[in-house]
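Undergrad: Sharing a model prediction with you, sequence too.
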There are 2 protein chains.
Amino acid sequence: MTPEELRNIVDRAHYFGLLQKNPDGQLVHAPFSLTPYQLPASLISQLQIHTQWSSLLFWKVAQNCDFLREILEPTAKVDEFVRFLLSLIPNEKRQDQQLLINRNDFLFERKENGDLQPLQVELNTISASFAHLSERITTFHQQLQQENILKVAPLSHDAIAGFAVGIKKTIEELGWQYAALLMLVQPKERNWFDQMGLFAALSQRGVKVVRATLAEVHDRGKLKNGDLWVGPQRIGVVYFRAGYSPGDLPDEESRSARRMMEASSAVLVPEASMQLAGTKKIQQVLVGSGVLSQFVPESVGEQLKAYFAMMFGLEEEVEGRTAREFLAENAEQYVLKPQREGGGNNVYGAEIRDFLTSLPTNEDRAWIAMKRIEAETTESLLVAQEQAQYHQCISELGIFGLLRAQSGDLRINMPVGHLVRTKASNVNEGGVVAGYAGLNSLISKD
Amino acid sequence: MTPEELRNIVDRAHYFGLLQKNPDGQLVHAPFSLTPYQLPASLISQLQIHTQWSSLLFWKVAQNCDFLREILEPTAKVDEFVRFLLSLIPNEKRQDQQLLINRNDFLFERKENGDLQPLQVELNTISASFAHLSERITTFHQQLQQENILKVAPLSHDAIAGFAVGIKKTIEELGWQYAALLMLVQPKERNWFDQMGLFAALSQRGVKVVRATLAEVHDRGKLKNGDLWVGPQRIGVVYFRAGYSPGDLPDEESRSARRMMEASSAVLVPEASMQLAGTKKIQQVLVGSGVLSQFVPESVGEQLKAYFAMMFGLEEEVEGRTAREFLAENAEQYVLKPQREGGGNNVYGAEIRDFLTSLPTNEDRAWIAMKRIEAETTESLLVAQEQAQYHQCISELGIFGLLRAQSGDLRINMPVGHLVRTKASNVNEGGVVAGYAGLNSLISKD
């Protein structure tokens, strides 16, 4: 590719809104791939169905507070963040409605028979991001295909419209004359353009949006007759784009704000119980035991398990040894993950040995070991900071899901678009904003 | 406005695609106003009708090559650019179709009785720009209104879709199996995001777009059986976003490329004759003489004249004196304009005296004096380079027009959106890309 051709492509990325701020606050393009990721159409459909079943499963788990407490209380003793979230679960339901916006992430291993085996990396039940930027890269790649720069047009999707319709419907069902969405954000958010996509889609549909950090909710928010108000706005739905990691709740003010929201009549996306259902510990217990059939039909449970990577807790026995002994021998094949979402906190491969040596035994419950997925690599052209380079890459596919329930009945459970992130295979973390991975589009092969 | 509020607004401007490059090549927001321009709904309708009549008039003038030659040959003697354009008019029509994309610019004077008097600044028959960015600022202001940052929602418009449909139709009517649009651009274009709007709208409609400078057309273009090819693409329509000023045609190569296009079977937007019809000299003759009725019904002619500012040529007599004597006395009330479009070449007010002293008499024909419009000023909040400031401002409204003709019959003649540029009243030039003026939206008052 000539510098002129690259310049043209980067200009198009800017035009199509593939934007973020760099750490200096300068407007730049988000890293992207110029090699769309291809998957068989039948597999994409399977993953969409899988995501609906996953949403159903975790929604049902979230309803079962006794189960959550039973599994997570030992973890809560050593994980202060889990302890805080558990303390938020109310004794009585405040709200008759639930809304879940999630993203189910998959990697793909090539099996010996040549088939692709999808493996679920995690179900993000809070702050599932990149729906807007994923639409932007799709439109951008469609343009490049029109110009014959790419060969095949990627699969369209409209995740943001799905989210916006779900939120609008939820607010309408409250039956209040006027209620706004509160979008809870981190201070100095660098992925603001992605959030703005949903903001604008809601504005276009006449839904008022208030954007605030937890500190601002603490300062400007209050409860009136059990309803949440932020400044002059009564809040119908709170959509969390913050609060998924302990660093988001650094002080008593932010925790107090979160408590106020959980105690209010607002529909939380997600409620604390849904956020807890998404912890690794719960996923591990669901994968490893026979409890799945409590929540979904047995045949569905088998189907779900087939996509779950092998997981175990550090307090367990694995193949006749303690988990710590097993991991010391097989560290390279595993990842250690804490309970929180958001990436950036995992321990990989050989580093697990040193990490375990320094980890007190009583903190075992805070961590989960997961079989490292040996994702197939493909050569991809990645563009970061206006430079293009070929890398051996792995691609992670996220399927966005929307679930709405009322009076315990499921009203909506549907897949609403996807996200592909492609990263050099020698990079462990997957953060697009941090510059580790490039946004990508999806090609559906027959 | 707090720095935080301004930051939020600038972020939204970026999100909604109000982008340009600064001279260092850095991605920045285009300057914009936060005070939408208000006009009565009935006046906006009148200007849309006026634009249709203007399009019709200049299309008819362009068909009358004898008239163009008669008026412009004296000018051509002293204006090398006009001479070149006149030399392009073919003796025989190459193409049965014509397509015109224009923009009719108006300023507004407040009359003593309180009414607003619109005055036509010019009809741009070539490279009428900002249709896309004007849509972007409209959507951006609509978002700000949803957030109660602005009080009233601006008038929507869809100029780019209008242009794209007109171009697609023109290509289809050629009856060729396959033909592309050639978008002729300047090297190192800074207003590329605006052009990309049309590019993307055409791509979405399945119209292939080739983007090239005149130098590139010279290198890669050729005629085959009278058809224009650029590389492997047969060209159905050429849309000029360059070629309106002598600087765009600096050498024999670029002129040769333009000649090749005029000699080809491609539909040119605009043909040389249409570009010449847009010269100030033609406008001045149409305003000043009785020839208007040759082209449009007398009642329409009167209506058109009512919006034309008073103009005269330097070779004329004005109020019993030579034009030069008259201007020396009344310089402050006039603007001197050369034949070319694009701004940046005008001489204003007192500077006219010095300019005329240095201008040889035989170059009189190259210039037109126009009564300086005393546009009403309103206080507006302008944002440039991420800084907000109040200014006393004047606003210029452009109405985009689309005209398509076939075999001499008018097929389409319609207004397709608008552009508002608002600038501090102490600034003479109106260039948004140059940073002199801010993009604005239009509010229609009842």
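TA: All right, it came through fine.
Undergrad: mind checking pLDDT for residue A:209?
TA: Listed pLDDT for residue A:209 reads 96.
Undergrad: check contacts around it.
TA: A:180-183, A:199, A:202-203, B:147 (CB atoms under 8 Å, 6 or more residues apart in numbering or on different chains). Every residue, glycine included, has its C-beta placed from N, CA and C.
Undergrad: Can you say which of those are buried?
TA: A:180-183, A:199, A:202-203, B:147 (16 or more other CB atoms under 10 Å in any protein chain shown).
Undergrad: Looking at those, spot the one nearest residue A:105.
TA: Nearest to residue A:105 among these, counting by CB to CB, is residue A:183 at 22.3 Å.
Undergrad: The closest one against residue A:210, yeah?
TA: Yes. Counting by CB atoms under 8 Å, residue A:183 does reach residue A:210; the two are 7.0 Å apart.
Undergrad: about what we covered before: the contacts of residue A:209 into a markdown table, with extra columns for secondary structure, pLDDT and distance to residue A:110?
TA: Shown next, in a markdown table, are those (DSSP: H, G, I helix; E, B strand; the rest coil; pLDDT from 0 to 100; distance: CB to CB, whole Å):
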| residue | secondary structure | pLDDT | distance to residue A:110 |
| --- | --- | --- | --- |
| A:180 | strand | 97 | 48 |
| A:181 | strand | 98 | 42 |
| A:182 | strand | 98 | 44 |
| A:183 | strand | 98 | 40 |
| A:199 | helix | 97 | 40 |
| A:202 | helix | 97 | 41 |
| A:203 | helix | 95 | 44 |
| B:147 | coil | 93 | 49 |
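Undergrad: Specify which member of the residues you listed is nearest to residue A:403.
TA: Nearest to residue A:403 among the contacts of residue A:209, with distances taken as CB to CB, is residue A:181, at 17.2 Å.
Undergrad: That closest one bridge partners, please.
TA: With DSSP bridges as the criterion, residue A:181 is bridged to residue A:209, residue A:237.
Undergrad: Now do the contacts for it.
TA: Contacts of residue A:181 by CB under 8 Å, 6+ apart are A:167, A:171, A:202, A:207-210, A:235-239.
Undergrad: so which residue of the stretch 151-300 of chain A comes closest to chain B?
TA: residue A:203 (3.9 Å; CB to the nearest CB).
Undergrad: In this structure that residue contacts residue B:143, no?
TA: Yes. Using CB under 8 Å, residue A:203 is in contact with residue B:143, at 5.5 Å.
Undergrad: first vs last residue of stretch A:209-221, how far apart are they?
TA: Terminal residues of stretch A:209-221 lie 15 Å apart, using CA to CA, to the nearest Å.
Undergrad: Also stretch A:150-165?
TA: Using CA to CA, the two ends of stretch A:150-165 sit 32 Å apart.
Undergrad: what's the offset of stretch A:273-284 from the middle of its chain?
TA: The chain centre lies 12 Å from the centre of stretch A:273-284; the measure is CA atoms, centre = their mean, to the nearest Å.
Undergrad: Just the CA coordinates for that stretch, please, in CSV.
TA: Output in CSV follows, covering the C-alpha atoms of stretch A:273-284 (Å, rounded to 0.1, in the frame of the first residue of the first chain):
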residue,chain,number,x,y,z
SER,A,273,-27.5,-9.2,40.8
MET,A,274,-27.1,-9.3,37.1
GLN,A,275,-23.6,-7.9,37.4
LEU,A,276,-22.8,-10.6,39.9
ALA,A,277,-24.2,-13.3,37.7
GLY,A,278,-21.6,-12.3,35.2
THR,A,279,-18.7,-12.9,37.6
LYS,A,280,-16.2,-15.6,36.6
LYS,A,281,-17.0,-17.6,39.7
ILE,A,282,-20.6,-18.0,38.7
GLN,A,283,-19.6,-19.0,35.2
GLN,A,284,-17.2,-21.5,36.6
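Undergrad: So what touches that stretch?
TA: Residues contacting stretch A:273-284 (CB under 8 Å, 6+ apart): A:58-59, A:61-63, A:65, A:68, A:71-72, A:75, A:82, A:85-86, A:89, A:98, A:100, A:102, A:122-126, A:240, A:243-244, A:268, A:270, A:308, A:311-313, A:337-341, A:365, A:368, A:370.
Undergrad: Swap in 7 Å and give it another go.
TA: A:58, A:61-62, A:65, A:68, A:71-72, A:75, A:82, A:85-86, A:89, A:100, A:123-126, A:311-313, A:337, A:339, A:341, A:368 (CB atoms under 7 Å, 6 or more residues apart in numbering or on different chains).
Undergrad: And stretch A:42-49, by the same measure?
TA: A:106, A:116, A:118, A:397, A:399, A:415, A:444.
Undergrad: what number of residues lie near residue A:2?
TA: 7 (other CB atoms under 10 Å in any protein chain shown).
Undergrad: Relative to residue A:388, how far out is it?
TA: For residue A:2, the distance to residue A:388 equals 11 Å [CB to CB, to the nearest Å].
Undergrad: cool, and residue A:347?
TA: For residue A:347, the distance to residue A:388 - CB to CB - is 32 Å.
Undergrad: out of those two, which sits in the busier spot?
TA: residue A:347 (21 against 16).
Undergrad: Grab the nearest non-local neighbour of the more buried one.
TA: residue A:336 (4.1 Å; CB to CB, 6 or more residues apart in numbering or on different chains).
Undergrad: Count the neighbours of that neighbour for me.
TA: Other residues close to residue A:336 by other CB under 10 Å number 23.
Undergrad: sec struct for it, please.
TA: strand (DSSP: H, G, I helix; E, B strand; the rest coil).
Undergrad: Can you name the residues bridging to it?
TA: residue A:347, residue A:369.
Undergrad: now the end-to-end length of stretch A:108-117.
TA: Note: stretch A:108-117 ends 5 Å apart using CA to CA.
Undergrad: hmm, back to that, any idea how far the residue of the stretch 151-300 of chain A closest to chain B is from residue A:160?
TA: Taking CB to CB, one finds residue A:203 at 12 Å from residue A:160.
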